[in-house]
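> next input, structure requested:
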Amino acid sequence: MTEPTSLTPRASRDAPKTLQKGQQTRAAILEAALNLASHMGLEGLSIGALADVTRMSKSGVFAHFGSREELQISVIREYHVKFEEEVFHPAMRVARGLPRLRALFDRWVKRVSVELDSGCIYISGAVEFDDRPGPVRDALVEMVAAWQMALTRAIALAVSEGHLREDTDPQQMLFEVHGLILALHHDARFLRTPGSLERVRVSFERVVSYYATPAGLALPTTNSSPQPARTKRG
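Residues are numbered from 1 along each chain as shown. All right, here's what the predicted structure looks like:
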């Protein structure tokens, strides 16, 4: 099984790395837009609101994005890049199998924990656009699907490493793990229930223990120090 090196679609990664002045301005606008969307949702974004925040003219903001829809899609992609940098890439440096799956989940939980005062664009966006077909919904689905595919591969690799049972259904385990994150976001952000972060970690280990082999259960349950990943491909 070939391991992914990025969650971001290739077309979004091929842009020149050296930013010109116009690109730097666009990046600054996009950073402000991401902050707005995190607190107000994608539907709360508008060229006018962004112009006020960045102290630019509406025409100046419009010149960089062209439309509100393009702005929303750009914010989704920027959020995805940051998610990839904070969650995916660090976890990929951990040994494949259950240690890496644990690292992916642990960093995902940490990401959610810092978003409790703002919000997760993937979760809020799903509520806003679940029944609204169009390019914005398509962009959200593409990014969330890429992340879920990475988790599914990590589960499958844990099976091939002998850490999870051979009869493990990666899609079923993914469903259960994703459900834990949704419950965490609901209880910690909406209900403000104390101890939610601890509960989600306990719940994850219960899911793992159901699918784990004796070899998997013998592994450490923390990923405080990344282990070097194996070089073989499976």
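> endpoint to endpoint, stretch 120-138 covers what distance?
17 Å (Cα to Cα, to the nearest Å).
> stretch 159-171 now?
Stretch 159-171: ends 13 Å apart by Cα to Cα.
> pull out the buried positions in that stretch.
Neighbour counts using 16 or more other Cβ atoms under 10 Å place 159, 161, 163-164, 168, 170 of stretch 159-171 among the buried residues. All C-beta atoms are positioned from the backbone trio N, CA, C, and that covers glycine.
> list just the nearest of the residues you listed to Gly41.
Gly41 has its nearest neighbour among the buried residues of stretch 159-171 in Pro170, at 31.3 Å by Cβ to Cβ.
> next one: phi and psi at that closest one?
With angles defined as degrees, to the nearest 10, Pro170 sits at phi -60, psi -40.
> from Phe129, how far out is it?
Per Cβ to Cβ, to the nearest Å, Pro170 is found 26 Å from Phe129.
> how distant is stretch 40-51 from the center of its chain?
Centre-to-centre, stretch 40-51 and its host chain are 22 Å apart (Cα atoms, centre = their mean, to the nearest Å).
> for stretch 55-73, same thing?
Offset of stretch 55-73 from its chain centre (Cα atoms, centre = their mean): 25 Å.
> in that stretch, what's buried?
Those would be 56, 61-62, 64-65, 68, 71-73, for stretch 55-73 by 16+ other Cβ under 10 Å.
> may I have that stretch as PDB, with CA atoms only?
Output of stretch 55-73 as PDB, limited to C-alpha atoms (Å, rounded to 0.1, in the frame of the first residue of the first chain):
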ATOM      1  CA  ARG A  55      -9.000  48.000   6.100                       C
ATOM      2  CA  MET A  56      -9.100  47.600   2.300                       C
ATOM      3  CA  SER A  57     -11.600  48.700  -0.200                       C
ATOM      4  CA  LYS A  58     -14.200  46.300  -1.400                       C
ATOM      5  CA  SER A  59     -12.800  46.500  -4.900                       C
ATOM      6  CA  GLY A  60      -9.300  45.700  -3.600                       C
ATOM      7  CA  VAL A  61     -10.600  42.500  -1.900                       C
ATOM      8  CA  PHE A  62     -12.700  41.700  -4.900                       C
ATOM      9  CA  ALA A  63      -9.700  41.900  -7.200                       C
ATOM     10  CA  HIS A  64      -8.000  39.100  -5.400                       C
ATOM     11  CA  PHE A  65     -11.000  36.700  -5.200                       C
ATOM     12  CA  GLY A  66     -13.600  37.800  -7.800                       C
ATOM     13  CA  SER A  67     -16.600  36.500  -5.900                       C
ATOM     14  CA  ARG A  68     -17.800  35.400  -2.500                       C
ATOM     15  CA  GLU A  69     -17.900  31.800  -3.600                       C
ATOM     16  CA  GLU A  70     -14.300  31.900  -4.700                       C
ATOM     17  CA  LEU A  71     -13.400  33.500  -1.300                       C
ATOM     18  CA  GLN A  72     -15.200  30.700   0.600                       C
ATOM     19  CA  ILE A  73     -13.500  28.000  -1.500                       C
END
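> fine, thanks again, bye for now.
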